[in-house]
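*Asks:* Below is the structure, and that's it, no one-letter string:
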């Protein structure tokens, strides 16, 4: 059985003020190709650190990460960049404030020596539902949701197989969150992407992912299939308390679905 | 009895491209209850909260037909009177404790500063009061927290300290601007129950500003829904799920739900007649 | 005009050039609201104009000596700022001196910030031992008073305008390196740098294309604020006879030669002094205004 993403016994340790901080300790997970896998947990649970470790932005102190059966090279090379891309949490911080959207989107093409820049940039904008007239705008001329669409377009410029999503909607308003989540789902269906998504919102994870890993203090607590999550069939106390705290995420708006 | 009365509040900002109205004619009154203000970013909810304390800096301007707090005209009050009101009677908790606590002062010093300066009570007495306040927000080890620096506290602890600081002078009205959105869900529940207990035991008025409809529905008595600087709907919190206004309905519908269908989430349709108010 | 402004303020520019010009136009609008900055800009523009069209503005040849007309007071017909000890017209010498001053300023303004930016961003981006080595070198340069170091360099290299520029540039870069490094440290860990690194960009591309643009505003502001200092150091070197050599009409040199007559013929030293003062003031005012315009935080609004 070959899974696209395999993480085995991963530990990430930072050194801060001479003290070792164990951000991730012995976490293992496997994501098959074209699946959508969620990581949930509260702040400090190490869920984002796993994504950063995959990208080489956090130091791996032990364990292994394999993408498509291959061990990752350190530092990550261009071939890795063409396979794995990331969408960051804060769309206000993830776009270069002094580059136009055009520059942001054509940069990956320039790095990889891919031609046909104009057509590709235009297509990328259309794909994420932005008007092509936005091409030469600066990030500060866009709203949060539009920025996140640009960030998604940038991540897809190199046509990767895997998209790492670090709380992609937590900085957005509810209605914009819905639009971005729909966009991500559509792109995944169209392009056969594999998602590894981090969120603190169980409802978002439930909507987006097939399997979920609940994390706490850098350790994996429990891995659940989507059905088990929505039927509250978790076995550990922590996962249950997390579920209970998110109970209002289950409310039916005015029984509208019953109508 | 009405604690706060606001009629036709308008807040205008002069910008390069001309004046921008952030709040356009907001009226409400508040008793000793929990009032929620919800809306998306840019709806004017935060500015509404800030203008009650007259914390709008130029180029912003506040206008209203009436803005009274417990019989005091907030529009006519001098800056000195406002300073006397802010803190002892009107208090505000901001979203992120990281930016609201002074990073180079110990928690204890920040908590007792107001007491020592304003109320001129003895140091020991101030310390006793501060510790009591920390206990009130369920900090287990108040003695240690008094000696801590802000960066040594977690987000939840920081927010609780902020609330404690605001509550020491026992204000009549607390404005909480997204007090829990920087917090984890489990901590969020604790902070809310602290606020709830304080409203009930002290008979304080609370304006709870949030973008999270479901949270407000669970926690408040009454909810104002704001859109583009106006109140589009006012309802009792338990009726929020039966909202009539298309904007409120749209906000509720576009949220994903645990166990909900995988179909695309309904977007918020902003093309209706209501959107151009 | 209105068609042009419309084109400039179009929220959906059709080309890279239009977008860039539109941003520049907005910056210009912001600058225009600051009267002091506009005064500074006016002074600098006037200086540039004087230097470019010196033969037109100068009433006399700046090098022709006329001992019969030496040390005439200001207001004398034909010499409205007076003459110096060789009977040369002071106004004409100041006008031609503007060329020299501007050359020095321009050369220093190009070289020193470039060295500083390069060293600062490289040190800040890589960190570790590279940072330590580069910053200690910077500290060594910073430890000397600027003028003393420039003096020592000129003493080694020999006097002359090129060597003066070189000496000033070599003493002026450390502050830019510091500024650039500090800026780089805040930018280095931002998500947009992480994003471009994830796309496989090399260090060179990241530093030049992504880090430097973020450091540029604060460096440009420092440059305009430092230009006054550069003019003064150049004048100081000239005054000490180690910069520009006579009979070239360099302002510092002119003050130096007027020193002998400071009490009786005050105008010989005062007029070039006033020129230095005005131009320094112009650069300072402009730099202050640019701070408001170029600061990314204010530009984001």
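*Replies:* Nice, I can see it. Everything quoted here is computed from the prediction, not taken from an experiment.
*Asks:* so the residue most central in space within chain C is in which element?
*Replies:* What sits nearest the mean C-alpha location of chain C, by CA atoms, centre = their mean, is residue C:227, with 3.5 Å. Assigned by DSSP states H and E, residue C:227 belongs to helix C:212-239.
*Asks:* which bits of chain C sit near chain B?
*Replies:* Where proximity means CB under 8 Å from any CB of the partner chain, the interface of chain C facing chain B comprises C:29, C:30. For glycine as for every other residue, the C-beta is placed from the backbone atoms N, C-alpha and C.
*Asks:* 10 Å instead?
*Replies:* By the criterion of CB under 10 Å from any CB of the partner chain, the positions of chain C lying close to chain B are C:9, C:26, C:29, C:30, C:33, C:301.
*Asks:* circling back: what's the helix holding residue C:227 packed up against?
*Replies:* Contact partners of helix C:212-239 among helices and strands, from 3 or more CB pairs under 10 Å, 6 or more residues apart in numbering or on different chains; DSSP states H and E: helix C:35-52, helix C:90-126, helix C:146-157, helix C:161-188, helix C:251-258, helix C:267-294, helix C:296-299.
*Asks:* Walking through chain B, point out its helices one by one.
*Replies:* Using DSSP state H, the helices of chain B run over residues B:45-52, B:79-85, B:97-100, B:107-114, B:123-136, B:142-147, B:155-167, B:185-202, B:213-219, B:246-253.
*Asks:* Serialize these to JSON lines and add fields for distance to residue C:78.
*Replies:* Conversion of these to JSON lines gives the following (distance: least, CB to CB, whole Å):
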{"stretch": "helix B:45-52", "distance to residue C:78": "67"}
{"stretch": "helix B:79-85", "distance to residue C:78": "63"}
{"stretch": "helix B:97-100", "distance to residue C:78": "67"}
{"stretch": "helix B:107-114", "distance to residue C:78": "72"}
{"stretch": "helix B:123-136", "distance to residue C:78": "80"}
{"stretch": "helix B:142-147", "distance to residue C:78": "80"}
{"stretch": "helix B:155-167", "distance to residue C:78": "75"}
{"stretch": "helix B:185-202", "distance to residue C:78": "83"}
{"stretch": "helix B:213-219", "distance to residue C:78": "83"}
{"stretch": "helix B:246-253", "distance to residue C:78": "80"}
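*Asks:* Compare those and give me the one nearest chain C.
*Replies:* Closest of these to chain C is helix B:97-100, at 15.1 Å (criterion: CB to the nearest CB).
*Asks:* what helices or strands is that closest one leaning on?
*Replies:* Of the remaining helices and strands, those touching helix B:97-100 by 3+ CB pairs under 10 Å, 6+ apart are helix B:155-167.
*Asks:* just the angle between the helix it packs on and helix B:123-136, please?
*Replies:* The directions of helix B:155-167 and helix B:123-136 differ by 130 degrees, with axes from the mean of the first three to the mean of the last three CA atoms, to 10 degrees as the criterion.
*Asks:* Figure out how far helix B:155-167 is from the centre of its chain.
*Replies:* Relative to the mean C-alpha coordinate of its chain, helix B:155-167 is positioned 13 Å out (CA atoms, centre = their mean, to the nearest Å).
*Asks:* Next: stretch B:35-52.
*Replies:* When distances are taken as CA atoms, centre = their mean, stretch B:35-52 is centred 8 Å away from the chain's centroid.
*Asks:* ok so, going back, quick check: the residue nearest to the centre of chain C vs residue C:294, distance?
*Replies:* Between residue C:227 and residue C:294 the distance, using CB to CB, to the nearest Å, works out to 15 Å.
*Asks:* before we move on, what about residue B:254?
*Replies:* When distance is defined by CB to CB, residue B:254 is 40 Å away from residue C:294.
*Asks:* who in the stretch 151-300 of chain C is up against chain A?
*Replies:* Applying the criterion CB under 10 Å from any CB, the portion of the stretch 151-300 of chain C that neighbours chain A consists of C:187, C:189-202, C:205, C:209-214, C:216-217, C:296-297, C:299-300.
*Asks:* which among the residues you listed end up buried?
*Replies:* C:187, C:190-201, C:205, C:209-212, C:214, C:216-217, C:299 (16 or more other CB atoms under 10 Å in any protein chain shown).
*Asks:* Now do the same contact list for residue C:96.
*Replies:* The contact partners of residue C:96, by CB atoms under 10 Å, 6 or more residues apart in numbering or on different chains, come to C:50, C:51, C:54, C:55, C:57, C:58, C:61, C:62, C:63, C:248, C:249, C:250.
*Asks:* same thing but 7 Å
*Replies:* With contacts defined as CB atoms under 7 Å, 6 or more residues apart in numbering or on different chains, residue C:96 is in contact with C:54, C:58, C:62, C:249.
*Asks:* In this model residue C:97 seems to touch the first one, though I could be wrong.
*Replies:* No: counting by CB atoms under 7 Å, residue C:54 does not reach residue C:97; the two are 9.1 Å apart.
*Asks:* got a list of what the closest residue to the residue nearest to the centre of chain C other than its chain neighbours touches?
*Replies:* Nearest-residue entry for residue C:227: residue C:283, 4.0 Å, with adjacent residues in sequence omitted and distances by CB to CB, 6 or more residues apart in numbering or on different chains. Neighbour list for residue C:283: C:40, C:44, C:224, C:227, C:228 [criterion: CB under 7 Å, 6+ apart].
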